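A.B. asks: Here is a sequence together with a model predicted from it:
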Amino acid sequence: MDSSGGCPHAANARLLSQGAVAPVVLPGGVAGMAVLGHEALKDFLAHPDVAKDAGHFTALREGRVGAGWPLLTFATVRGMTTADGDDHRRLRSLVSKAFTARRVEQLRPGIEELTVRLLDGLAAAAEEGGGVADLRRHFALPLPMGVIGQLLGVGTEHLDALHHLSNRIVATDLAPEQVVTANRDLVSLLARIAADRAERPGDDLTGALIAARDEGGDRLSQEELIGTLLLMIVAGHETTLNLITNAVRALCGHRDQLDLVREGKASWTDAVEETLRWDAPVSYFPFRYPVTDLTVDGTVIPKGTPVLAGYSAAGRDTAVHGPDADRFDVTRPGRHGAVRHLSLGHGAHYCLGAPLARLEATIALERLFTRFPDLDLALPERQLPRHTGFVGNSVRALPVRL
């Protein structure tokens, strides 16, 4: 895997032409596999013989993965994304009420208000920048970061640091000492935030988690509390940040598709769903582990192998999405039903925050292109700086002219 990142789609197409499952070499020479085909990935994500608990990760268990491995947090953080069975259900239940469709819809007025304020800020930044502003920095980032911060009860003074550290957590090109430092600093900051919230309880998700920890019993340990906060921060803004960024890039690069939405021939929701399929915000997500030698689409994945879920590849699998799978099309057949993308997961670990991410992105796009109908990229797509890593799939900056 290319630890320095870059656009994944050419490599994905090359791998898919050879099969739905591919052996890969992870950072540090660790052997792994990637499941790339849509149907193979769908089956794999819901397979009863596939686990998330890193106790099944053979190389890690045998001491062949060091403390500075850049993907270690994905394997070892204590939370719902690394738990199975009853443990997974226990941890997920502690936060699931905050992300029900009803609860998410109640957040709409606050999201709309924040969106308007951020668009004002984007306009001001463009005025100061000679007509050009970084949409990712001034809009796509602070929107989901602000929403997840409010849900968790995290003060605005911590949000920049949390984004910086979580961005390093999902990078795959850091040196071992940088990995250790980033993990230590993020855990330390979250512990301070939790301690502060314990002294000043509030009606927020962090308060509910602290209450669950302090009730005693086995509902939530301190390590699981910090791990859950870490997952909420990282997953709660990085994915939506990339989704909004990728959607703006897609619509600016396909003005005919933007016109279809404006003319009412497709909806902003359609634009969000097609972006999720066509340019998934997460390219390869670590990890799952077969608990026995497992044959997937004719390829044997040995027991204990770390497996990447290839969301960006599955979204352009021609076997499922047709020969024009690499074409951005907001009117694509099946967008409302039969053939759905897998970019927000599948099975028991389906993204808990999917309704919130969809709502934020839909509001963001509608308000953005309504306020600035002539908005366009200030640089050609090929010149936009890509993410440094193969987990997140987007660009690091998005300069636009309003």
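C.D. replies: Cool, the structure landed.
A.B. asks: Tell me where the model's unsure across the chain.
C.D. replies: 216-217, 334-339 (pLDDT under 70).
A.B. asks: Determine the longest helix present in it.
C.D. replies: Using DSSP state H to define each element, the chain has its longest helix at helix 222-253.
A.B. asks: Sort out which residues of it are buried, please.
C.D. replies: Buried residues in helix 222-253, defined by neighbour count with 16 or more other Cβ atoms under 10 Å: 224-252. Where you see a C-beta, it was placed from the backbone N, CA and C, and this is true even at glycine.
A.B. asks: can you state the direction angle for whichever helix or strand comes after it and helix 222-253?
C.D. replies: Downstream of helix 222-253, the first helix or strand assigned by DSSP states H and E is helix 255-262. Relative orientation of helix 255-262 versus helix 222-253 (axes from the mean of the first three to the mean of the last three Cα atoms, to 10 degrees): 110 degrees.
A.B. asks: mind listing what's buried in helix 255-262?
C.D. replies: Neighbour counts over helix 255-262 (16+ other Cβ under 10 Å) mark 257-258, 260-261 as buried.
A.B. asks: what's the distance between Ser221 and Pro201?
C.D. replies: According to Cβ to Cβ, to the nearest Å, Ser221 stands 19 Å off from Pro201.
A.B. asks: Kindly report the same for Ile301.
C.D. replies: In terms of Cβ to Cβ, Ile301 sits 46 Å off from Pro201.
A.B. asks: Of those two, give the one with the bigger neighbour count.
C.D. replies: Taking other Cβ atoms under 10 Å, Ile301 and Pro201 do not tie; Ile301 has more neighbours (22 against 13).
A.B. asks: Tell me who's in contact with the more buried one.
C.D. replies: Ile301 is in contact with 21, 33, 290, 293-295, 307, counting by Cβ atoms under 8 Å, 6 or more residues apart in numbering.
A.B. asks: can I assume Gly304 sits in a strand?
C.D. replies: No: assigned with DSSP: H, G, I helix; E, B strand; the rest coil, Gly304 falls outside any strand and is coil.
A.B. asks: Break down the stretch 151-300 of the chain into its strands, ranges please.
C.D. replies: Listed in chain order, the strands of the stretch 151-300 of the chain (DSSP state E, counting those that start in this stretch) span 284-290, 294-296, 299-301.
A.B. asks: Columns distance to Thr81 on top of these, output as JSON lines?
C.D. replies: As requested, the strands of the stretch 151-300 of the chain are arranged in JSON lines below (distance: least, Cβ to Cβ, whole Å):
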{"stretch": "strand 284-290", "distance to Thr81": "9"}
{"stretch": "strand 294-296", "distance to Thr81": "20"}
{"stretch": "strand 299-301", "distance to Thr81": "20"}
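A.B. asks: thinking again about what came up before, and the contacts of Ile301, which are buried?
C.D. replies: When the contacts of Ile301 are checked for burial by 16+ other Cβ under 10 Å, the buried set is 21, 33, 290, 294, 307.
A.B. asks: Now the two most distant members of these.
C.D. replies: Greatest spatial distance among these (Cβ to Cβ): Val21 and Pro290, at 11.4 Å.
A.B. asks: what secondary structure does Thr362 sit in?
C.D. replies: helix.
A.B. asks: Pretty sure it sits against Thr269.
C.D. replies: Yes: between Thr362 and Thr269 there is a contact under Cβ atoms under 8 Å: 5.5 Å.
A.B. asks: Those two: which is more packed in?
C.D. replies: Thr362 (21 against 18).
A.B. asks: ok so, going back, mind checking how far the longest helix of the chain is from the chain centre?
C.D. replies: Centroid separation for helix 222-253 versus its chain: 5 Å, with Cα atoms, centre = their mean, to the nearest Å.
A.B. asks: got the angle between that helix and strand 284-290?
C.D. replies: Compare the direction of helix 222-253 with that of strand 284-290 by the same axes, to 10 degrees and you get 130 degrees.
A.B. asks: Name the nearest residue to Val320, sequence neighbours excluded.
C.D. replies: His38 (4.0 Å; Cβ to Cβ, 6 or more residues apart in numbering).
A.B. asks: Arg192: neighbouring residues, count only.
C.D. replies: Residues lying near Arg192 (other Cβ under 10 Å) number 11.
A.B. asks: From Pro290, how far off is it?
C.D. replies: 38 Å.
A.B. asks: now swap in Ala75 and tell me
C.D. replies: 15 Å.
A.B. asks: try Met232
C.D. replies: Note on Met232: its distance to Pro290, by Cβ to Cβ, is 28 Å.
A.B. asks: What of Leu72?
C.D. replies: Using Cβ to Cβ, Leu72 is found at 20 Å from Pro290.
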